[in-house]
Structures are given as structure tokens and as C-alpha cells.
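Colleague: Got a sequence here, can you model it:
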Amino acid sequence: MNNVVENEKEKFNIFGEISNGSTTHSTSTSSSSSDVYLSTGWPTFTTSFITNIVIGSVIMIIFFFLRIIYRNFYNARLIKSNGLNSVLITSPFQWIIYTISYQMESIFESRGIDAYMHLQFLYLCIQILSIIMVFGIGILLPINYTSITEETANVVLNTLDTVTVGTIQPNSKRLWAHTLSIPIFTMVAFYFFQKTNTIYLEKRIRWMSKHNERNYTVLVREMSRSISNADDMREFFSRFFDSKAILSCHIIYKEAKLRSLWRKHKHVQRSLERVLSESDIKGVPPTRAVGWRPGMFGGKTVDSVEYFTKKLEQVDKELRIAQEEASIKKDLSISQDLAWRVSNITASNIKKLTNMTSTAGFITFSRMAFASQAAQCLFSKNIEKFKVTPAPEIKNIKWKNMIVPNRSRFLRRIVSSIIFFVIFCFYTIPVTAISAVSNIQTLSKVPVLNWLLEVVNLDDTLRGFVEGYLPSLALVLFLALLPLFIKIIIHFNKEDTRTQFYHKVFTVYWAFLVTNVFLVVSIAGTVLGILFKMLENLTLKDIATLLGQSLPKQSSFFINYILVQALTSVPMDIVRPIELIAGIIRSSRESSFGQKMKALSHDDPTSLNSIKYARELLIFVITLSYSTLSPLILPFGLLYFLMDFFVSKYNHIYSFCPKYQSGGMIWPLVFNRLCIGLVIYQLTGIGLFVLKTFIPGIVISFLMPFFTLFYWWRNVDKYKKPSSVLSLDICPEEDYFGNEFVKSYEDPVLSIADLEINNNFKNDHNFNHHNLINKV
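Modeller: Next up, the predicted model:
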């Protein structure tokens, strides 16, 4: 009888826990009874929680003073809207109350649809997690905790793992509650997804129907080579629309020299404005060194205003000549100037002439309805030609990338995808290492590293800091470097607009995070935790049981990870130290307040939000996927989104000054990934019930991904077209008369009026400048 008891204890001890750093051992051989430790329990969690609270509080206190010292950066939107005399709220609590109470509808009207949809997405996550937390904490957590009395009398109660599904024995009837949570949580997600899609469509329609040049204009890509200028473009589309319907056509030019001169002109013009402003403010005519030796060391100096004025006049002359050449109609037919063409038909001449033509341009119509019709029609039997889409905002366009052919861009994307795949594979190695470091007990199994356990066991706080906080912080910092590499690689793609560029950044970064943080950490942590037991002579059933116990216990690592994100990363999002330092450096070069203000608040919110969306979706996937396995993760996931909602709302109200609006186009991408996250949650449930050999759970969970995929398809089919083009029955019926939008989408390299020197401006400053020289 005693032997039977000892065998039962030995069989169970593979699920044993630790308490206060001590290890439980069975009376059998040490190799067969060595325990599996994946978390050190409440001491580790408490240390990590307190550490994060302290760091987060310090960051927010620092921010309170920074927003007063650098008010032009942290309150840029408020100052630009209300002027220099805008009142800054300095009360420690009043600005928090004002941020929380600011109406969402006011966000849409004053801050735009992009800011509104970002906050709406965070609100969606808060709603879903708040509701499923009631079921998770109220039902699942007590069931998990009380299950240790079934056949697990040797489990120590003071660990985080006692509230996971790992405490429930295989094929237990208690798993019915976890089985029902899968469809319940799925239906809750469906409801709020649908609600947010409806809100998005309503806001998107309002945005598309505003009196703005973008809503009267379409972008035409991959036009025929026979169309070489705006007149050819108008002639082609006049076959389908009345001549009065087309206000203007603008071709996008390919001449590299012309675009280079245009950029040089803008740079010199900006430099001249800077030195003129400096001379007015300081009262001293500025000078600059000529040559390699600085003026303070005896180098030759010249008057900066005269230097940049002469340089601007020279560049302006060169630009005008290039613009006139580009405006000449390029006819590649053999009929004109036949003798010259026959005698000069060479590979280089043909290539030169071909490169002068363009395949992209804009058409501005007199009514929104015409633009909507054009965006929905096919203009050629060759579906690869004359691709017409709604025009992006002017400041959203990357003009030099607009003329890149789709075939070239497709090849570039293949190359960048291969590079990303290599980086994907590389990143799994350090992420796996970080996952292993988070478990000192597992590392101590390695003979060379067994001293680690003795060191951290000297103090529970030290162990909690080493196992709980440091690995999560290391993972956050390590992955924070990724966006920089991703942006560099995606620049190679030559995307048409800044929105498309940042959408690619978001898509790739999200894939990196889900793969390396969620999947790799979950799998690697689970396998590493039982690696030494798997190497023993265990049956397949024993290994499955081990995995079923180990997978839920990974929640302790993710709880610590979410805490670091919520209480360290999110407060850093409101401080934005890198953007602040960059803004201070830029503004130090300016003299006037207006230019300093512009330089200080130069950051692009779309760039920052593309990274934030990916991180927020990762937290949502982690929280949802472990909501059934370990319901304790739900309050911390909710804490993250509450903190993030407040910080993001403050940034949108006070700080961010976007130059353009994408029209909320990132929401369909976010919705797709929300559905993918829901499928990942359901697949995790299937894996759990397979390991627990619970047939009802397997059957019910197996059906859920198919329901989700069908729901996903139905929503995409329902909302894609109405949110892409404006419905004809709600287009304004009256024609638009006037010349306001005629030149809106003209290629800026031909916009001489915008680039020529303002003579009055120059003469006024020259007069002041000569007066300064006379005074000196």
C-alpha cells in the first residue's frame, strides 16, 4: 500500500510547485521526480507590480513638469489652435479631468477621423475585456482555484499557477465552464466588432462627403504610354464624361533632374527665410563661412542674406528652364520629325524619351458623384491598366514614388519580404533566450548555470525583480528597435503615400510581435519548462499532460510583460523623449517663434500610431488568448487599455498636429487582425482541450474558427465598398463652380507660383537688412 502511495506522489510531483524558493522532492529518484517550475508565484508578481508602479509614477511626475517647461511641444495642438495666449492648465488634477471628459465627437470634428478611430479602437478593447472579465474572474478563476482540492493536494497555494486551468485534471467536468467561455467570449467580440464597424462607416461617409479637393479628385495609375501629358489625359477621359464634368487633369512627371532642382529650390528658399528671420530678430546681419575653414578660425565669410538670395535666383532660373522643357508635349510617334528620329533611334534615346512620359495623374471633377463613379469603373479591358482610386490628401502624397510602376513595386516587395523573413528567423533566437532567462528554475537545470538559483534565492525581492521585471523589460526594449529596421526596409518599396508606408510598417511590426512575443514565448516557454522531463522515459500521454499543465502557466510571464507595457511603456508614450530631443535640436536652428513651434512639433502622429496599433493589438491577442487559460490576466490587460486610452487621448487633444488625414483607412487592417487574434484565441482553446483530453471542449472549440472566418468575410464584403467610395445617393447634387480646386493636385515641380521668390517679401527684408548694415 505504501508503494502505491509513493508511486502516486511521484506521478503527481511532475506538476509540483515551489514556495519561498524551496523545492519539494518525492521519495523516489531525483531524476524522475524533479519538479516543473514556470513561475515563482506571488513574490515575483508583487515585486514586478510594485517596480512598475514606482517607475510609472516617476515618469508621470516628470511629465507633469515637462508639459509646463516645454509647453510648445506637449501642448502644440492647443497653442496652434488658440494662439500664443492659450491658457495652459497647470493644476495637478484639472488637466486629467479635462482629458477624460473631452467628448469623442469633438475629437472627430477637431482632431480628425484618424484620431477618432484610434480612440474608438481602444474603447472597443476596454468594452470587450470589461465584459469577459466578469465571467473570467467571477466563474473561471474560482473554478481553477478550487480544483486543487480534487487530486492536487501537494500543490502549494501561494503561486500564480493555482488560478490557471493547469490545476484542473484531464477530462474533468469542471472544464465545461472553460468550454462555454470560448463561444461566449467570441459572441461578445462579434457584437462589439460589428458596433465599431458601423461607427467607422458612419464617420467615413461624413469624411468622404466634406467639401474638400480630395473628394472631387481621383488618382489614375498605369495609364497607357500614349498619354504623355495632361491634354492627352483629358482627351481620353472625355470619352466617358462630359467635358464640363472634368475641371482639371494633372500628370505626374518623371524627370529626375526636375524633381531634384525642385527639392534644391525649396531647401535654398527655406534657408533664405531662416537667415532673414534671424537678421530681423537679432538685429545683426548674419554671416556664413565660405570654404572649409570656419569664420571664427579666420575663414572667409560672406553676408548670409546676399549669399542665399543669389543662390535662390540661380536655382530658380535653372528650375524654370527645366519646368518649361517638362511641359512640352512628348510625342513618341514616328510621324513627327521623322528624319531626326530615324537617324537618332538608339537604345539610350528611346529610354530617355520613354522616361519622360508618365503613367500616373489626377483628375478633378466638378461633382463628387463623378469622382465616385470614376473610382468604381473599369476604363480598359486590360484590368492592369487605368486603375482609378479615390485621391489621397495632397500632403499625404509621396510625389517621387507615384510614377513607380506596379511591376517594379511588386518586385521590390518580394525582395523586402525575403529580408523580413530572414529577420523573423533571427529574432526568434534572442526572444527564446529572454523567455528562458525569465525562468531561473529551468536554467538551473543546466549544470553550468545551477549557481543562478542560489543567487536569486538569497532574497525574494531580488528573485522577483530578476524573473518578473527584467525579462519583460528586456523584451520590450529589444523589440523597440524593430520599427527602425522595418521603416528602412519598407522605404525600398517606394509606396505611393505616407499612409501606405505606415500601414506596411504596422502590418509587418504586428506580424513580428505576434510571432515572436506571443507564439515563440508561449511555445518556447512551455517546452523549456518541461524539457528535462520530456527527455525521460515518459509516455505520450504523460507529455501531453505536462504540456496541458505548462501552457497556462506561461500567463505569469505575460502578466509581467503587460505590466511593463502598461506602467512603463505607456507613460513613456506621453513623454515621448526621443521626439522631444529631436524637436529641441530642430528648433535650435530657428529664430522666429512660428518656425520654432513648427520645428518642435514636427513629429508625424501617423508614424507613432502605426507602432502603437501593433503593440495594442498584441496586448489584446495575449489577453484574450489567455483569458480562458488564466483569467487573472484580464484585469491587467484592462489596466493597459485604460492607461493607453488616457495617454492617447491626451496626445490627440494637446500634442499631435497631423499634417494630413488618411481617412481612418487603418481601421480595416485593424479589424482584420482583431479577427485573426480571435482565431488565435480559439485555436489556443482547441490545443488546451486536446491536451486535457476533453472531447466536448474540442468539438465546440473546433467550430468557432469557422464561425469567425465567416463573420470576418461577411463584414469585409459588407463594409469594404461603402467605406471606399461615396454612395451616389448621398453625393451633393449641385455642381462645384470656381477655380479653388483646379490646381490643387498639380505636380509641385511645375507649380512655379509656389516656388518663385516673393519680391515684396524679399524687398522688405532687404530694406531692413541694409538698415542693419548701416547701423553696424
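
Colleague: show me where pLDDT drops low in the stretch 251-400 of the chain?
Modeller: 291-299, 326-358 (pLDDT under 70).

Colleague: So which residues of it form helices?
Modeller: 256-282, 304-327, 338-343, 347-356, 368-376 (DSSP state H, counting those that start in this stretch).

Colleague: tell me which residues in the second one are buried?
Modeller: Read that as helix 304-327. By neighbour count on 16 or more other Cβ atoms under 10 Å, the buried set for helix 304-327 is 304-305, 307-309, 311-312, 315-316, 319, 322-323, 326. Any C-beta I mention is one placed from the backbone N, CA and C, and that applies to glycine too.

Colleague: for those residues, which one is nearest Ile414?
Modeller: Within the buried residues of helix 304-327, proximity to Ile414 (Cβ to Cβ) peaks at Ala326, which comes in at 32.1 Å.

Colleague: how close does the residue nearest in space to the middle of the chain sit to Leu513?
Modeller: Closest to where the C-alpha atoms of the chain average out (Cα atoms, centre = their mean) is Ser610, at 1.7 Å. With the distance defined as Cβ to Cβ, to the nearest Å, Ser610 ends up 13 Å from Leu513.

Colleague: related to what we said a few turns ago, among the buried residues of helix 304-327, which pair sits farthest apart?
Modeller: Maximum pairwise distance among the buried residues of helix 304-327 (Cβ to Cβ): 31.7 Å, between Ser304 and Ala326.

Colleague: Under the pLDDT cut-off, which ranges of the stretch 551-700 of the chain? List them.
Modeller: 551-553, 603.

Colleague: just so I know, which of the helices of the stretch 251-400 of the chain lies nearest Phe620?
Modeller: Nearest to Phe620, of all the helices of the stretch 251-400 of the chain, is helix 368-376, at 32.8 Å by Cβ to Cβ.

Colleague: if we can go back for a sec, could I get the buried residues of helix 304-327 as TSV with distance to Asp496?
Modeller: Below are the buried residues of helix 304-327 laid out as TSV (distance: Cβ to Cβ, whole Å):
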residue	distance to Asp496
Ser304	38
Val305	39
Tyr307	37
Phe308	33
Thr309	36
Lys311	32
Leu312	30
Val315	28
Asp316	29
Leu319	24
Ala322	24
Gln323	23
Ala326	21
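
Colleague: any idea which of those is the one closest to Leu272?
Modeller: Minimum distance to Leu272 across the buried residues of helix 304-327 is 4.0 Å, recorded for Phe308 (Cβ to Cβ).

Colleague: so the closest one sits right up against Leu272, yeah?
Modeller: Yes - between Phe308 and Leu272 there is a contact under Cβ atoms under 8 Å: 4.0 Å.

Colleague: if I look at those two, which residues touch both of them?
Modeller: Residues touching both Phe308 and Leu272 (Cβ atoms under 8 Å, 6 or more residues apart in numbering): there are none.

Colleague: sorry, back to before: could you dump the helices of the stretch 251-400 of the chain into CSV and include distance to Trp95?
Modeller: Formatted as CSV, these follow (distance: least, Cβ to Cβ, whole Å):
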stretch, distance to Trp95
helix 256-282, 32
helix 304-327, 42
helix 338-343, 70
helix 347-356, 55
helix 368-376, 40
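
Colleague: Just tell me which of the ones you listed ends up closest to Ile96.
Modeller: Closest of the helices of the stretch 251-400 of the chain to Ile96 is helix 256-282, at 37.0 Å (criterion: Cβ to Cβ).

Colleague: Which residues are in contact with the residue nearest to the centre of the chain?
Modeller: Going by Cβ under 8 Å, 6+ apart, Ser610 touches Tyr502, His503, Val505, Phe506, Tyr509, Ile666.

Colleague: Provide a list of residues in contact with the fifth one.
Modeller: What it means is Tyr509. Neighbouring residues of Tyr509 by Cβ under 8 Å, 6+ apart: Leu482, Pro483, Ile486, Ser610, Ile611, Ala614.

Colleague: Test my guess that Ile611 contacts Val508.
Modeller: No - under the criterion of Cβ under 8 Å, Ile611 is not in contact with Val508, lying 11.0 Å apart.

Colleague: the more surrounded of those two?
Modeller: Val508 (24 against 20; other Cβ atoms under 10 Å).

Colleague: Distance check, the closest residue to the more buried one other than its chain neighbours against Phe379.
Modeller: Leaving aside its chain neighbours, Val508 sits nearest to Ile486 (5.1 Å; criterion: Cβ to Cβ, 6 or more residues apart in numbering). Between Ile486 and Phe379 the distance is 35 Å, computed by Cβ to Cβ.

Colleague: Same check on Val521?
Modeller: Applying Cβ to Cβ to Val521 and Phe379 gives a distance of 50 Å.

Colleague: Count residues in the vicinity of Phe190, would you?
Modeller: By the criterion of other Cβ under 10 Å, Phe190 has 17 neighbours.

Colleague: Give me the angle between the strand or helix carrying it and helix 368-376.
Modeller: Phe190 is part of helix 175-208 when elements are defined by DSSP states H and E. In terms of direction (axes from the mean of the first three to the mean of the last three Cα atoms, to 10 degrees), helix 175-208 departs from helix 368-376 by 130 degrees.

Colleague: From the chain's centroid, how far away is helix 175-208?
Modeller: Computed by Cα atoms, centre = their mean, to the nearest Å, the chain-centroid distance of helix 175-208 equals 21 Å.

Colleague: ok, now stretch 270-280?
Modeller: Relative to its chain's centre, stretch 270-280 lies at 37 Å (Cα atoms, centre = their mean).

Colleague: for the closest residue to Gln682 other than its chain neighbours, what are its contacts?
Modeller: Spatial nearest neighbour of Gln682, excluding adjacent residues (Cβ to Cβ, 6+ apart): Met704 at 4.2 Å. Listed by Cβ under 8 Å, 6+ apart, the contact partners of Met704 are Ile182, Pro183, Thr186, Gln682, Gly685.
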